[in-house]
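# sequence below, structure please.
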Amino acid sequence: MPTSPPPGNDDVAKLAEVAYINSRRGKKPRQDHDTEANMGLDGAEKYFRPLGHYRDRFFFITTRGRQVIHFPAAKLAQKPNLFMLAPLQWWEREFPSEVGFKGSAVDMAVNAILAACFGCGVFRMDRLRGRGAWWDDDRTVVHVGDHLLVDGERVEVDNIESRYVYEALPSLPLCMDARASDTEARQLLKLCAALNWENPLYGTLLAGWVVSALVCGAMEWRPHIMLTGPSGCGKSWVGEHVIQRILGEFVVAAKGETTEAGLRQALQHDALPVTFDEAEGEDRRTAANMERVLGLMRQASAEVGGNILKGGADGMAQSYSIRSMFCLIAIRVPLQQTADENRVTVLSLKRNTATDKLRFTEQIEPLVAALEDGDWAGRLRARVFANLDVLRHNARVFARAVGVHFGNQRIGDQYGPLLAGAWLLGSTGRVTTERAAEKVAALDGLLGDVRDVQAENDEDKLIAAIMAQQIDVSSEKKVYRRSIGELVELCNGQRTDDVWPAQAIDALERVGIKPDGVRVLVANKHDGLRKILEKTPWSVGWGHILRRIDGAQQGNSGRRFAGVYSRYVSIDALVFLPGEG
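The predicted structure follows:
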């Protein structure tokens, strides 16, 4: 029986300790330092798998919990953390000592763990994938919590060969045995079309959103929608009885006071659609919250792009890769920036008349009742998941067709997935380029308002916001209230007024605007303009937006605006005049 190593020089004692432990296992002393560091982890895969490191954090996935856990280096030696990775008996067997699993045995175990994690390289949190549909190395992966469906075949979450890490999470009900037929699936189109829309196309787009939202994590572009309309038009009813009922547990339903942080934490790494009812933003606090939610939606739209990073209490940044499609429901449309309008399609319902209410009772309620009969929604979900590759293909084809038709690929990216989703409700076939072009051409009249929204950019909106602002003008002991637009027209001889042009010029300069012949100079920095724009998306950096206007010029030097010196942007006066520019 080997004896314990005698005391002596620290280095000698350490080597002796290694030799002693190896002799207990019947192993020969190892010469390579890295090999020594990894000793004892040969059978670790039965309990855990090292994933890598990030700064002082070390990441693992356990075979018992099948979830990713991580610890700072300083806490790896704590036994509760080690026992989360593997049971005590395993540690004692792999790192034995005469005094049990403590002291140098724990040190050797931690040393081996650290070496294994360093050997895996830096771990990125965006490798984590939660529940929902994903596209992984030309495969469809549907994560339903307790297992995966990889190209339709059941695979355990910890048994897929992938650069991504799929965790075990609460299960989502999905049965792929029975799938909705074309006739059954068309019932969703029929129901959505029967709603009281301002534009008949909106029913098709809603149905298409429901389909593509179900597999949003696997889509290359994720369009969002907003249901709006007057009070009592049925917006919330559509959200609850159509969208949420069809998506079932594959949707995160939020309401009212829900914050952007709450949504991030609810989603974590899941790729699930979100419905957000009462997304009004009526006061400054709720409006600020909705702006943060819209920021989350902007990040979620594209498959490529940066992650959302938030500081953590432990000093480690929290990374979120949001891959959701959102449906906002509200009376007021909170979209101001062009970036949001390019990503959110507004679907407007009309106020219900007595005739509409009667039609709802006679037509829509029976359709809803029919959809609730049996497991229609479950069969529809199975149809969509089973044809995910077809949906992706058709989304690209429709996106190109819409982009060519409107001469704007941004419009194509937004509407392609919606039209592809609607197509899947009638056919599981791959649409041809010619057929997609025919469908888009047939919808030209109904898509007319799309062109109007896309044509108005941030520069136009910024000019409109400035021109609509009313300011005080002093004239012969009287104070008049005029819009900036009216004063610019007055200075350019486009209107007559009790205010003199010279008085109009003085008032405009006090807010950072100087008429200068056929040009109008706008200060880059001015408290007057800042106050005018403080509740708009352009309260900072408006000069950069204005420079995008055709013919705009950055001044080579500064000018004085009623005594305030500032650099400026020079813009053709016709841009500010009604019906011009």
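# count of residues packed around the closest residue to residue 177 other than its chain neighbours?
Spatial nearest neighbour of residue 177, chain neighbours left out: residue 382 (7.6 Å); criterion: Cβ to Cβ, 6 or more residues apart in numbering. For the C-beta atoms, the positions are set from N, CA and C on the backbone; glycine is no exception. Residues lying near residue 382 (other Cβ atoms under 10 Å) number 18.
# and the helix or strand encompassing residue 382, what does it pack onto?
Following DSSP states H and E, the helix or strand that holds residue 382 is helix 376-386. If contacts are counted by 3 or more Cβ pairs under 8 Å, 6 or more residues apart in numbering; DSSP states H and E, helix 376-386 sits against helix 182-193, helix 201-214, helix 245-247.
# go through these and name the closest to residue 388.
Smallest distance to residue 388 across the helices and strands packed on helix 376-386 (Cβ to Cβ): 9.3 Å, for helix 201-214.
# next, the angle helix 376-386 makes with that closest one.
If you take axes from the mean of the first three to the mean of the last three Cα atoms, to 10 degrees, helix 201-214 sits at 70 degrees to helix 376-386.
# what mean pLDDT does helix 201-214 have?
For helix 201-214, mean pLDDT is 95.
# moving C-terminal from that helix, which element do we reach first?
strand 224-228.
# tell me the strands beside that next one, with direction?
strand 326-329 (parallel), strand 344-348 (parallel) (DSSP bridges).
# looking at these, which is buried most?
Highest mean neighbour count among the strands paired with strand 224-228 (mean count of other Cβ atoms under 10 Å): strand 326-329, with a mean of 27.
# what mean pLDDT does it have?
For strand 326-329, the per-residue pLDDT averages 93.
# repeat that for stretch 388-402.
Here stretch 388-402 scores 96 as its mean pLDDT.
# which residues of the stretch 351-500 of the chain fall in helices?
Here the stretch 351-500 of the chain has its helices, by DSSP state H, counting those that start in this stretch, at 354-359, 365-372, 376-386, 388-406, 409-424, 433-442, 448-455, 458-468, 484-491.
# turn those into JSON lines, columns for distance to residue 337.
Output for the helices of the stretch 351-500 of the chain, formatted as JSON lines (distance: least, Cβ to Cβ, whole Å):
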{"stretch": "helix 354-359", "distance to residue 337": "34"}
{"stretch": "helix 365-372", "distance to residue 337": "36"}
{"stretch": "helix 376-386", "distance to residue 337": "31"}
{"stretch": "helix 388-406", "distance to residue 337": "20"}
{"stretch": "helix 409-424", "distance to residue 337": "14"}
{"stretch": "helix 433-442", "distance to residue 337": "27"}
{"stretch": "helix 448-455", "distance to residue 337": "12"}
{"stretch": "helix 458-468", "distance to residue 337": "6"}
{"stretch": "helix 484-491", "distance to residue 337": "21"}
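# circling back to that earlier point, turn the helices and strands packed on helix 376-386 into a markdown table, including mean neighbour count and distance to residue 360.
Output for these, formatted as a markdown table (neighbours: other Cβ atoms under 10 Å; distance: least, Cβ to Cβ, whole Å):
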| stretch | mean neighbour count | distance to residue 360 |
| --- | --- | --- |
| helix 182-193 | 18 | 11 |
| helix 201-214 | 26 | 14 |
| helix 245-247 | 20 | 16 |
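# can you pull the buried residues of the helix or strand containing residue 110?
Per DSSP H and E, residue 110 falls inside helix 104-120. Of all the residues in helix 104-120, those buried under the rule 16 or more other Cβ atoms under 10 Å are 104-106, 108-117.
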